[in-house]
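Enquirer: return a 3D structure for these sequence lines:
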Amino acid sequence: MVILEYKLQATEFGMRCPAWIEDGGYFYNKVNFTYVGASKDNSEWYIPDTVITLTPLELEDRQVAIHNVEPMFKEHIAEQGNVAMKEAEVREAVKDWLASKT
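Expert: Numbering: from 1, shown residues only. Here you go, the predicted structure:
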C-alpha cells in the first residue's frame, strides 16, 4: 500500500476522488484542501508524479500538525461533550487507520 495526499478533482459530475485513489477521503486538511488515501504499491495505473507520497511517520506528523490547528476529538460521549485528543492519541488513531489498510 502507498499512502497518498491528494486533492479532489473537478469533473462533470462534481468534485470526485481521483481514479487512482483506491481508498480515499481520510484525514481532511482544510488549510490546503487535501485528503489522505491509499492505493496498491504496484498499481496498474499512473499516479501523477506531483502527488505527495507519505511514510507512516510522515502521516502521523501531518496529522499532529493539523491537530495543533484544528483538534481531533475523541468519540463523543454525551456526559463528557467533545474532548480533544492528546498527541499520542492522534498518533495512535493514525496507526489504527494504517493497520486497517494492511
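
Enquirer: mind listing the helices for this protein?
Expert: 56-69, 87-101 (DSSP state H).

Enquirer: tabulate those helices in CSV, adding columns for mean pLDDT, distance to Lys30 and mean neighbour count.
Expert: From N, CA and C alone the C-beta is placed, and that goes for glycine too. Formatted as CSV, the helices of the chain follow (pLDDT from 0 to 100; distance: least, C-beta to C-beta, whole Å; neighbours: other C-beta atoms under 10 Å):
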stretch, mean pLDDT, distance to Lys30, mean neighbour count
helix 56-69, 96, 9, 15
helix 87-101, 94, 16, 14
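
Enquirer: quick one, which of those helices is nearest to Met1?
Expert: helix 87-101 (5.5 Å; C-beta to C-beta).

Enquirer: where are the low-confidence patches of the chain?
Expert: Where the chain drops to pLDDT under 70, the residues are 43, 76-80.

Enquirer: how about the helices of the chain, which one is nearest Glu5?
Expert: That would be helix 56-69 among the helices of the chain, by C-beta to C-beta, at 7.4 Å.
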